[in-house]
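Asker: Can you look at this prediction? I've put the sequence above it.
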Amino acid sequence: MNIFEFWREVTEDKSGRYIHHEDESVLSELSHLVGDDLDFSFPPGPIFGPLKTAKIVLCYANPGIDDLSLDTIRRPEFQTELFDQLAGINNYPHHLSGWKEWFNQRANSLFDGDIELAGKHISVFNLIPYASVNMDKVEKVANCLPSVWVAQNYLRSVLIPKAKSGDILLIMCRSGHLWGLKSAHGCDNILINNVRSGFSQDVKNKVKEWCHRQGI
């Protein structure tokens, strides 16, 4: 089962939580490690942007939580939009409050502030699909989740080969140790962004060179 088929199975349970059924039993068994750090009122967010066709893929740990995003998910029409992101064909939802502010920083760094263009060509790929304020507890169970295995498999079977063949620029932005990717494997199109916040100057330069060669 590929990642897009996997996420088509998501349903809302009676408590109003969004969680994949294969993750549910694991999270229940390991609840003593995670506590209430994960917020399942958010639609799962492994994919934001057109993962199937994006020229640049940014790999992160998991979606964050802030007051703006909490306000956004209270509106059913916006929840629907976020669920639609799971198909991997829609532009990044930078018009949604919370998502806009986060993505604008990436567009400023990599696309000279052109958020519309960035939204068409960048996909954000999260290892853990569920939102949290931080990763302190979530990291302890990350590699136990079936949804994480599916994401790791997509990285290894699809994204790394696409980078090696020159089809995409793959940037590991956070939690490379959990993704299982901490080196470029000798590939110029795999970048390890070793800064805590934002992007290194080297990564910025390589993204601009890549965009120029791609005619973006």
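Answerer: It's in.

Asker: what's downstream of the least confident helix or strand in the chain by mean pLDDT, the next helix or strand?
Answerer: When the helices and strands of the chain are compared on mean pLDDT, DSSP states H and E, strand 11-12 comes out lowest with a mean of 64. For strand 11-12, the succeeding helix or strand toward the C-terminus, using DSSP states H and E, is strand 18-19.

Asker: Partner strands of that next one, with direction?
Answerer: When pairs are called by DSSP bridges, strand 18-19 turns out to pair with strand 11-12 (antiparallel).

Asker: quick one: the helices in the chain?
Answerer: With DSSP state H as the definition, the chain shows helices at residue ranges 3-7, 21-29, 31-34, 67-72, 76-84, 99-110, 115-121, 146-154, 160-164, 176-179, 201-214.

Asker: List the buried residues for the second one?
Answerer: Burial within helix 21-29, assessed by neighbour count using 16 or more other Cβ atoms under 10 Å, is assigned to 23, 26, 27. Any C-beta I mention is one placed from the backbone N, CA and C, and that applies to glycine too.

Asker: What's the mean pLDDT across that helix?
Answerer: Taken as a whole, helix 21-29 has an average pLDDT of 94.

Asker: in this protein, which segments are predicted with low confidence?
Answerer: Low-confidence segments of the chain, defined by pLDDT under 70, are located at 11-15.

Asker: could the helices of the chain go into a markdown table alongside distance to residue 170?
Answerer: Written out in a markdown table, the entries for these read as follows (distance: least, Cβ to Cβ, whole Å):
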| stretch | distance to residue 170 |
| --- | --- |
| helix 3-7 | 15 |
| helix 21-29 | 25 |
| helix 31-34 | 29 |
| helix 67-72 | 26 |
| helix 76-84 | 24 |
| helix 99-110 | 14 |
| helix 115-121 | 13 |
| helix 146-154 | 12 |
| helix 160-164 | 4 |
| helix 176-179 | 11 |
| helix 201-214 | 11 |
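
Asker: Between these, which one is closest to residue 186.
Answerer: Closest approach to residue 186 among those is made by helix 160-164 (8.7 Å; Cβ to Cβ).

Asker: tell me how far stretch 25-38 is from the chain's mean position?
Answerer: Taking Cα atoms, centre = their mean, to the nearest Å, one finds stretch 25-38 lying 21 Å from the centre of the chain it belongs to.

Asker: Same question for stretch 23-42.
Answerer: Mean-position distance between stretch 23-42 and its chain equals 19 Å (Cα atoms, centre = their mean).

Asker: Start and end of it, how far apart?
Answerer: 15 Å (Cα to Cα, to the nearest Å).

Asker: residues in contact with it?
Answerer: Applying Cβ atoms under 8 Å, 6 or more residues apart in numbering, the external contacts of stretch 23-42 come out as 13, 16-19, 63, 65, 69, 73, 82, 130-134, 136-138, 140-141, 144-147.

Asker: Nice, that's everything, thank you.
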